[in-house]
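Undergrad: Provide a 3D model corresponding to the input given below.
(chains A and B)
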Number of protein chains: 2
Amino acid sequence: MSLIVQKYGGTSVGDAEKIKNVARRVIKAKAQGDKVVVIVSAMGDTTDDLLSLAHQITSSPDEREMDVLLSTGEAVSMTLLAMALRSMGQEAISLSGGQAGIHTDSVYSKAQILRVDTKRILKELEQGKIVVVAGFQGINEEMEVTTFGRGGSNITALALAAALDASYCAIYTDVDGIYTADPRLEPRARKLRDIGYDEMLEMAVEGAQVMHPRAVELGAVYGIPILVASSFVEAEGTWIREVVEMEARNKVRGVAHDINVAKVTILGVPDRPGIAAAVFEPLARVAVSVDTIVQNASVEKITDLTFTVARTDLARAKRVVEPVIQEIGAKGMVTDDQLAKVSIVGTGMQNAPGYAARMFRTLFEAGINIELITTSEIRITCIVHESRVSDAVRALHKAFELEKIEP
Amino acid sequence: MSLIVQKYGGTSVGDAEKIKNVARRVIKAKAQGDKVVVIVSAMGDTTDDLLSLAHQITSSPDEREMDVLLSTGEAVSMTLLAMALRSMGQEAISLSGGQAGIHTDSVYSKAQILRVDTKRILKELEQGKIVVVAGFQGINEEMEVTTFGRGGSNITALALAAALDASYCAIYTDVDGIYTADPRLEPRARKLRDIGYDEMLEMAVEGAQVMHPRAVELGAVYGIPILVASSFVEAEGTWIREVVEMEARNKVRGVAHDINVAKVTILGVPDRPGIAAAVFEPLARVAVSVDTIVQNASVEKITDLTFTVARTDLARAKRVVEPVIQEIGAKGMVTDDQLAKVSIVGTGMQNAPGYAARMFRTLFEAGINIELITTSEIRITCIVHESRVSDAVRALHKAFELEKIEP
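TA: Numbers count the residues shown, from 1 in each chain, chains lettered A, B, ... in the order given. Purely as a prediction, here's the structure:
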């Protein structure tokens, strides 16, 4: 008898009717002879409502208290789902993160899972019950509640799938799979039947927000296939898994984009050791995550240093960089908060040349200026003006024939 | 250094502003050199909202799941109060019932406290923190969340006050004390400066809904003085405690009333052993609590059996009693759901005759018919028609000169 893990996001359990629908789907899965563990997020906007309440109390809420506060959202949805299952004649029990044996470090609000003790879950499964687990949370060594940050319920799902050696982990959400591009920008975008873990990681980092990279990584490390599918309609979703038929596939699997991009250029930077540390250490201290960094080798011992940050971090980045400019003897700073990233992603690209060239030519022919370029082994990213992001996605989708991709 | 326990009810922590007000009051208490443990209820209508959600899912929600669901209400308010305290520069920590060491039996939704392990609370108090504890809940031996039923936060408060040997336990609520009668019915009602545990128990059972009898009993058994006062205004409340100056006091301390009363009369009951069990055992099984029972000794070996129940239980009581009538060979049943109880309460009455006679005469002179009479050592209760309850309260308040009582 196989064991599967299912996860339902916040919109999927948004009200009583939706919770009953989820219960019916879970029972159907169990009827196929599977043991089922279900992870739920908080209902609808609950987490935002709780955050807002805390911020009405104080602008800097204590993190330990905040984690307990936020964890109540999942406690509500898990108990309601367990009640719904039982009212339909299916034995079920809800478990908090701690009761489910999810042990974490003590970094409140972004805790990492240290180990999963599956004893209690296995005991309940043995008794024929469906086990409903609160997503997004665990307990630390002092038995205090910790949470994983946004997207944390997917992390719970993958961690339990790995610890329980599940056949697969299904993530039910409000999109019905992973597409070759955002269908809101490119109507010809195709839903992928499958995508590799690495590819999904690059897509996730580059703006396809369906899956948190930490969850995808867990799937990759433990070899758990992940199904991303709709919780509302019965339709095949997309499998994220180790893809073997690599040769036969289209080399580019998708076009990702992200409009939350801003650029900072520090002008006239003296080219001597220690400059990079002087700039980037203060940014790290205030938790500004720096993405692309470009620094031209200089002839004159003077250069421009450019980097990108999330647009939402730009104000903070400017405040931190301003005093550094004085300190290192640079000439000044210019910023641009009207940028976007467009990426092509595909494992096949790493052994096949010419993709970058084809991407640059496509954007050139569409009259789109490239501000910065950054690449990984399986991804090429161009930073362009925000107003051109739709054009860029559509042009690239066409150039790499993604509308013809086998679903 | 003394230790005090404070409890704030749902309306007292109804929104962020009110929680900040509570935080200021708690800090003021701590500034007087006391160690402070604060118990909070769920915010405003939270508990009702969660109950309603559960009933949208199923008409018979699982009790274990329900207790976890309801316990989230107090988790929210306790974390917000701890955040508020910390934002005002006061070290504080919130603890769930389980973390606070409140161990109960496994009777979900009306669990009883078995023991309190104060280790964690004492450790946090030693560090100078204010400890905020979720009311209304504990954990059983399997570490499952249990709840105490409505009014349960007062039980938490008294249990912790007893276990921590607190100087007193303050119950802050939306009334500012215990009155000689309900001020909405009798404008001349006076706030009492103090009242004995026994008197308060009789008042509570007879409709003065401020304190759950279980909480008052805990105070009496462990000798913890209880202060009932307003959480909104600074005014002296009422002390519930062992009252010693009994002789000097007015013998009647208050007039209580309760309009949630219905009467059931079973007609033509054969007068033989086993009849009472046949009637009342089925009622107990469906958790209908029977109050007054009257059965006249019969000459004809046939009698009428009358009892009262909460009006809200009448429909259930009728369903249970109907088949019993057949079974025992009685003639039929009549019910009346338009009744109310009016009681006079006072420890002094037990050694002083004439109170009952004065009560009956007062009601007679006011033209109020008495349907049933029931007494305890320190209480006399008359059951009257609901439409006359205000008249009865005012007449008795005057007859026993309660408007002249020393506050």
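
Undergrad: Number of residues surrounding the spatially closest residue to A:V243 that is not a sequence neighbour?
TA: Once flanking residues are discounted, A:V243 sits nearest to A:G196: 4.3 Å by C-beta to C-beta, 6 or more residues apart in numbering or on different chains. Just so you know, the C-beta spots here come from the backbone N, C-alpha and C atoms, and that holds for glycine as well. Neighbourhood size, A:G196 [other C-beta atoms under 10 Å in any protein chain shown]: 23.

Undergrad: Verify the contact between A:G196 and A:R241 for me.
TA: Yes: with contacts counted by C-beta atoms under 8 Å, A:G196 reaches A:R241, the gap being 7.4 Å.

Undergrad: Next one: the lengthiest helix in chain A, is it in contact with chain B?
TA: In chain A, with assignment by DSSP state H, the single longest helix is helix A:63-87. Yes: Helix A:63-87 lies within reach of chain B by C-beta under 8 Å from any C-beta of the partner chain, at A:64-66, A:68-69, A:71-72, A:75-76, A:78-80, A:82-84, A:86-87.

Undergrad: and the stretch 51-200 of chain A, which of its residues are near chain B?
TA: A:53-54, A:56-62, A:64-66, A:68-69, A:71-72, A:75-76, A:78-80, A:82-84, A:86-87, A:93-94, A:96, A:99, A:143.

Undergrad: Domain map for chain A?
TA: Annotated domains of chain A cover A:3-174, A:255-404 [automatic domain parsing].

Undergrad: what's the average pLDDT for the last one?
TA: In this model, domain A:255-404 has an average pLDDT of 86.

Undergrad: And for stretch A:226-238?
TA: Rounded mean pLDDT across stretch A:226-238 is 90.

Undergrad: buried ones in it?
TA: A:I226, A:L227, A:V228, A:A229, A:S230, A:S231, A:G237, A:T238 (16 or more other C-beta atoms under 10 Å in any protein chain shown).

Undergrad: Turn those into TSV, including secondary structure and distance to B:A395.
TA: Shown next, in TSV, are these (DSSP: H, G, I helix; E, B strand; the rest coil; distance: C-beta to C-beta, whole Å):
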residue	secondary structure	distance to B:A395
A:I226	strand	75
A:L227	strand	74
A:V228	strand	74
A:A229	strand	72
A:S230	strand	69
A:S231	coil	64
A:G237	coil	74
A:T238	strand	78
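
Undergrad: Which one of those residues is nearest to chain B?
TA: A:S231 (17.0 Å; C-beta to the nearest C-beta).

Undergrad: ok, that closest one touching A:Q6?
TA: No: using C-beta under 8 Å, A:S231 is not in contact with A:Q6; the gap is 9.2 Å.

Undergrad: So the closest residue to A:R188 other than its chain neighbours versus B:T375, what's the distance?
TA: In space, and not counting its chain neighbours, A:R188 is closest to A:E403: 4.2 Å by C-beta to C-beta, 6+ apart. Separation of A:E403 from B:T375 (C-beta to C-beta, to the nearest Å): 88 Å.

Undergrad: what does A:G254 give?
TA: Relative to B:T375, and taking C-beta to C-beta, A:G254 is found at 82 Å.

Undergrad: Return the set of buried residues in the helix or strand containing A:M333.
TA: Using DSSP states H and E, the element containing A:M333 is strand A:332-345. Using 16+ other C-beta under 10 Å as the test for burial, strand A:332-345 gives A:M333, A:T335, A:D336, A:L339, A:A340, A:K341, A:V342, A:S343, A:I344, A:V345.

Undergrad: Check which element follows it along the chain.
TA: helix A:355-365.

Undergrad: one step back: among the residues of the stretch 51-200 of chain A next to chain B, name the buried ones.
TA: So, by 16+ other C-beta under 10 Å, the buried ones in these are A:53-54, A:57-58, A:61-62, A:64-66, A:68-69, A:71-72, A:75-76, A:78-80, A:82-84, A:86-87, A:93-94, A:96, A:99.

Undergrad: Over to the residue nearest to A:R188. Which of the three states is it?
TA: Under DSSP: H, G, I helix; E, B strand; the rest coil, A:E403 falls in the helix class.

Undergrad: Count the residues that sit near it.
TA: A:E403 - counted by other C-beta under 10 Å - has 14 other residues nearby.

Undergrad: Now do the contacts for it.
TA: A:T180, A:R188, A:A189, A:R190, A:H397 (C-beta atoms under 8 Å, 6 or more residues apart in numbering or on different chains).

Undergrad: So which of these wins on neighbours?
TA: A:T180 (30 neighbours).

Undergrad: check contacts around the closest residue to that residue other than its chain neighbours.
TA: Distances taken as C-beta to C-beta, 6+ apart place A:L402 nearest to A:T180, at 3.9 Å, with adjacent residues excluded. Residues near A:L402 by C-beta under 8 Å, 6+ apart: A:T180, A:A181, A:R188, A:A189, A:R190, A:N250, A:V252, A:G254, A:V255.

Undergrad: do you know how far A:L402 is from chain B?
TA: 43 Å (C-beta to the nearest C-beta, to the nearest Å).
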